[in-house]
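Colleague: The following comprises the amino acid sequence and a computationally predicted model.
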Amino acid sequence: MDSFAVSLASGICHKKNCRILALRVAIFFGVFQGAFAGIGWLLSNTVKHLIEQIDHWVAFVLLLLIGGKLILGAIRSDPAQKSFNIESYLVLLGLSVATSIDALIAGMGFGFLDMHIVPVMIVIGLVTVFFSFSGFLIGSRNGYKLLGKRAEIIGGIMIIAIGIKILIEHLAG
């Protein structure tokens with residue numbers, strides 16, 4: 001659902017409906033979600049105690065930086081200076097990692113349950129691709145038309161809110 005929300009926010013900020021970009025975002029998110037679950041499964045007994053201590057902070061900082069850049073870009077008067085660009089592979093990589101850290105921990109749980117990880121990775125990846133693709137298209141079709149330039153600020157706030165949610169869930173749990 002974090003990937004859906006980030007895809008929705010990214011679509012809102014993109015201004016135009018682009019199925020190719022929506023598919024790229026969805027595939028990045030799906031591959032990272034599935035791969036991180038697999039990596040977590042592999043690491044389930046070796047580094048769990050190390051990752052659990054910082055995973056929520058890494059996700060929070062990445063999403064805070066990306067959301068902050070989006071908000072700053074929205075308030076700049078020169079559109080050429082805007083710093084958030086979902087078409088940038090670096091931005092997409094950062095979002096993919098930030099939204100997949102929970103999948104790493106979930107993968108560790110699958111390892112402790114002795115589950116066969118490949119089918120789980122495929123399901124996680126496909127579900128993420130579906131929701132991310134849908135979220136991006138919903139956002140790009142409706143968001144910017146309804147909200148104008150404020151859509152980018154709202155998108156940045158949504159991304160930061162996801163980071164705060166991840167941090168609160170891990171600190172409270």
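Modeller: Sure thing, it's come through.
Colleague: Report pLDDT for the closest residue to I117 other than its chain neighbours.
Modeller: Once flanking residues are discounted, I117 sits nearest to W41: 4.2 Å by Cβ to Cβ, 6 or more residues apart in numbering. Every C-beta, even on glycine, is put in place using the N, C-alpha and C of the backbone. In this prediction, W41 carries a pLDDT score of 89.
Colleague: and W41, what does it touch?
Modeller: Residues in contact with W41 (Cβ atoms under 8 Å, 6 or more residues apart in numbering) are G107, M108, F110, G111, M115, I117, V120.
Colleague: In this structure the second one contacts G38, no?
Modeller: In other words, M108. No: counting by Cβ atoms under 8 Å, M108 stays clear of G38, with 10.8 Å between them.
Colleague: For stretch 91-110, give the mean pLDDT please.
Modeller: Averaging pLDDT along stretch 91-110 gives 84.
Colleague: buried residues in it?
Modeller: If you call a residue buried by 16 or more other Cβ atoms under 10 Å, then stretch 91-110 has these buried ones: 91-92, 94-108, 110.
Colleague: how about the helices in this protein?
Modeller: 2-14, 19-42, 48-75, 89-112, 117-138, 144-147, 150-172 (DSSP state H).
Colleague: buried sites along the second one?
Modeller: By neighbour count, and taking 16+ other Cβ under 10 Å as the criterion, the buried residues in helix 19-42 are 21-22, 24-41.
Colleague: Tell me which residue is most central in this structure.
Modeller: T99 (3.6 Å; Cα atoms, centre = their mean).
Colleague: In contact with that residue: list those residues for me.
Modeller: By Cβ under 8 Å, 6+ apart, the neighbours of T99 are D2, S3, V6, F29, F32, Q33, A59, I162.
Colleague: Ok, L42 next?
Modeller: G107, G111.
Colleague: Go again with 10 Å.
Modeller: With contact set as Cβ atoms under 10 Å, 6 or more residues apart in numbering, L42 has these partners: G107, M108, G111, I117.
Colleague: What is the nearest of these to C13?
Modeller: G107 (30.1 Å; Cβ to Cβ).
Colleague: gap between the closest residue to that closest one other than its chain neighbours and V58?
Modeller: With Cβ to Cβ, 6+ apart as the criterion, G107 has its nearest non-adjacent residue at 2.4 Å, and that residue is G40. Look at G40 and V58: by Cβ to Cβ, to the nearest Å, they are 14 Å apart.
Colleague: same deal with F4?
Modeller: F4 is 20 Å from V58, by Cβ to Cβ.
Colleague: The two: which is more packed in?
Modeller: F4 (22 against 14; other Cβ atoms under 10 Å).
Colleague: From V25, how far off is that one?
Modeller: Note on F4: its distance to V25, by Cβ to Cβ, is 11 Å.
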